[in-house]
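> Need a 3D model of the following:
(one chain, ligands or ions: 1)
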Amino acid sequence: MDIEEFQLERLQSLWENEVEINLTESGVHPLTLRELMSDGEIQELLDLRLTYGWTNGSPGLRDAVRQYYPGTSRDQVLITCGSAEANFLAMWTLLEAGDEIALMLPNYMQIWGLARSLGVTVKPFHLRPKGDRWALDLDELEQAVTPKTKMIVVCHPNNPTGATLTVGEMDRIVELAESVDAWVYADEVYKGVELDGRERPSFFGRTDKVAVASGLSKALAHPGLRIGWLVGPEPLIADAWHRNDYTTITTSVLSEKVAEKVLEPDTRRRLLDRNRDMLRNNLDALVRWIAERSDRFSLIPPQAGGMAFMQYRYDIGSTELSTRLRQEKSVFVLPGDVYGMDHYLRLGIGETSDKLTRGLDALAQFCEGLS
Ligand SMILES: Cc1ncc(COP(=O)(O)O)c(C=O)c1O
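Next up is the predicted model:
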């Protein structure tokens, strides 16, 4: 089975640890264990026996997850190695060659590549700039959904634009899925750090054939734990668990214990408040930086998540710009090319403000050399 290169992840894998200033992260600056937990809680971890644990996730962690999806049973939750594994298992479980899906673009391109490698036809529908937001192209969505559509896939809040959907747009996606008996599949890993402080609703519970992926890597700032989850109807979760025996078997008991702590309501709220503050400050700084260069750069500000997707007006392709910036200034930003959108750059705004400022200074210097 062939699979095309996952350019976004490959580029990051190659360079994120080689540069001085990595601005390709889409989450928020992670905490240390000491910052997250009390001494007593850390002491308890020292006595944890390092067994396999439960391969579908410990009951404690599945309960911690399901409290955020009201009305779900424990058997509707599968704990995975990051939301990436949740996406993988869901696609592997639900799709087969010859199927057709409608998929939101731009998007984290994992499901795009996976579905195509499974022999699935992917029909895109876009978020498009409309005034001060990225809006769903409803006409294109309607055209992308056909009687053959097996699933409508969204990334919400969106990677890379940081866009959130209106309730009307969410309802239309659900209505269209129901009209052709398709699944709604939502990757919601950025949900929780909406910059206006209003957490957007989940797609979960809005229709029967719905599954969502999420995890601790982005809004909750703990990518190193590698904890994600898939939530859906019990038969789907049972089938995905059965396939999980062929992938990673299980996550780590140590990560699961720490994840339970992250998901305690008080801790989760504290983390999201901290993360939102960091993102707001950094976004303000970026917006000021852009305002000083408005003939060259523009941005529809993200509504959620740790990244800003800004457009530039220089006569240089985004891959070349990113490569030269990395080589000449040791600053790494993601080229819009990885989303098929040249003349855009994706900048992480979840970094420490010092790093972001130094990165932007370097980008400004680099661009002076272009003009
Ligand atoms: C939308 C989206 N889903 C999933 C992932 C994978 O993240 P993880 O496996 O760390 O949860 C990413 C990573 O950038 C992402 O942006």
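
> The residue of the stretch 51-200 of the chain found nearest the ligand: what's it in contact with?
Among residues of the stretch 51-200 of the chain, the one nearest the ligand by Cβ to the nearest ligand atom turns out to be residue 82. It sits 2.4 Å away. (Each C-beta comes from the backbone N, C-alpha and C, glycine too.) Neighbour list for residue 82: 215, 217, 223, 226-228 [criterion: Cβ atoms under 8 Å, 6 or more residues apart in numbering].

> Just grab the bridge partners of residue 210 for me.
Counting by DSSP bridges, residue 210 is bridged to residue 184.

> Surely it touches residue 203?
Yes: shown here, residue 210 and residue 203 form a contact pair, counting by Cβ atoms under 8 Å, at 5.6 Å.

> list the residues that contact both of those two?
Between them, residue 210 and residue 203 share the contacting residues 174, 184, 186, judged by Cβ under 8 Å, 6+ apart.

> Next to the ligand, which bits of the stretch 201-350 of the chain? Give me the list.
Contact residues, the stretch 201-350 of the chain versus the ligand (Cβ under 6 Å from any ligand atom): 215, 217, 223, 228.

> which residue packs closest to the third one, ignoring adjacent ones?
Taking Cβ to Cβ, 6 or more residues apart in numbering, and ignoring the residues beside it in sequence, residue 223 has residue 217 as its nearest neighbour in space, at 3.8 Å.

> Around the one you found, how many other residues sit close by?
Residue 217: 25 surrounding residues under other Cβ atoms under 10 Å.

> That one in helix, strand or coil?
Following DSSP: H, G, I helix; E, B strand; the rest coil, the label given to residue 217 is coil.

> quick one: the strands in the stretch 251-371 of the chain?
Per DSSP state E, counting those that start in this stretch, the stretch 251-371 of the chain carries strands over the ranges 297-299, 307-312, 331-332, 334-335, 344-348.

> May I see those strands organised as JSON lines, with mean pLDDT, mean neighbour count and distance to residue 364 added?
Listed next are those as JSON lines, based on pLDDT from 0 to 100; neighbours: other Cβ atoms under 10 Å; distance: least, Cβ to Cβ, whole Å:
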{"stretch": "strand 297-299", "mean pLDDT": "98", "mean neighbour count": "18", "distance to residue 364": "10"}
{"stretch": "strand 307-312", "mean pLDDT": "98", "mean neighbour count": "23", "distance to residue 364": "12"}
{"stretch": "strand 331-332", "mean pLDDT": "98", "mean neighbour count": "25", "distance to residue 364": "11"}
{"stretch": "strand 334-335", "mean pLDDT": "98", "mean neighbour count": "25", "distance to residue 364": "18"}
{"stretch": "strand 344-348", "mean pLDDT": "98", "mean neighbour count": "25", "distance to residue 364": "13"}
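
> ok, back up a step: the residue nearest to residue 223 contacts residue 255, doesn't it?
No: in this structure residue 217 lies outside contact range of residue 255 using Cβ under 8 Å: 11.5 Å.

> Need the overlap of contacts for these two.
Common contact partners of residue 217 and residue 255 (Cβ under 8 Å, 6+ apart): 225-226.

> Endpoint to endpoint, stretch 2-19 covers what distance?
31 Å (Cα to Cα, to the nearest Å).

> Where do the helices of the stretch 101-250 of the chain begin and end?
All helices of the stretch 101-250 of the chain, identified by DSSP state H, counting those that start in this stretch, fall at 110-117, 138-144, 167-179, 234-244.

> Turn those into a markdown table, including distance to residue 25 and mean pLDDT.
As requested, the helices of the stretch 101-250 of the chain are arranged in a markdown table below (distance: least, Cβ to Cβ, whole Å; pLDDT from 0 to 100):
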| stretch | distance to residue 25 | mean pLDDT |
| --- | --- | --- |
| helix 110-117 | 16 | 98 |
| helix 138-144 | 30 | 98 |
| helix 167-179 | 27 | 98 |
| helix 234-244 | 27 | 98 |
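
> To residue 280, which of these lies closest?
helix 167-179 (23.4 Å; Cβ to Cβ).

> which other helices and strands contact the closest one?
Here helix 167-179 touches strand 133-136, helix 138-144, strand 149-155, strand 183-187, going by 3 or more Cβ pairs under 8 Å, 6 or more residues apart in numbering; DSSP states H and E.

> In CSV, list those along with distance to residue 48 and mean neighbour count.
Formatted as CSV, those follow (distance: least, Cβ to Cβ, whole Å; neighbours: other Cβ atoms under 10 Å):
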stretch, distance to residue 48, mean neighbour count
strand 133-136, 43, 20
helix 138-144, 47, 15
strand 149-155, 34, 24
strand 183-187, 30, 25
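
> Arrange those in CSV, one row each, with distance to the ligand as further columns.
Shown next, in CSV, are the helices and strands packed on helix 167-179 (distance: least, Cβ to the nearest ligand atom, whole Å):
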stretch, distance to the ligand
strand 133-136, 15
helix 138-144, 19
strand 149-155, 5
strand 183-187, 5
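
> For residue 65, find the nearest of those.
Here strand 183-187 is closest among the helices and strands packed on helix 167-179 (Cβ to Cβ), at 15.1 Å.

> hmm, who's touching the closest one?
83, 87, 90, 94, 108, 111, 150-156, 173-174, 177, 202-204, 206-207, 209-214.

> now that strand: how far from the chain's centre is it?
Computed by Cα atoms, centre = their mean, to the nearest Å, the separation of strand 183-187 from the middle of its chain amounts to 13 Å.

> And stretch 311-329, by the same measure?
Distance, stretch centre to chain centre, for stretch 311-329: 24 Å (Cα atoms, centre = their mean).

> For that stretch, list every residue counted as buried.
311-312, 318-319, 321-322, 325-326, 329 (16 or more other Cβ atoms under 10 Å).
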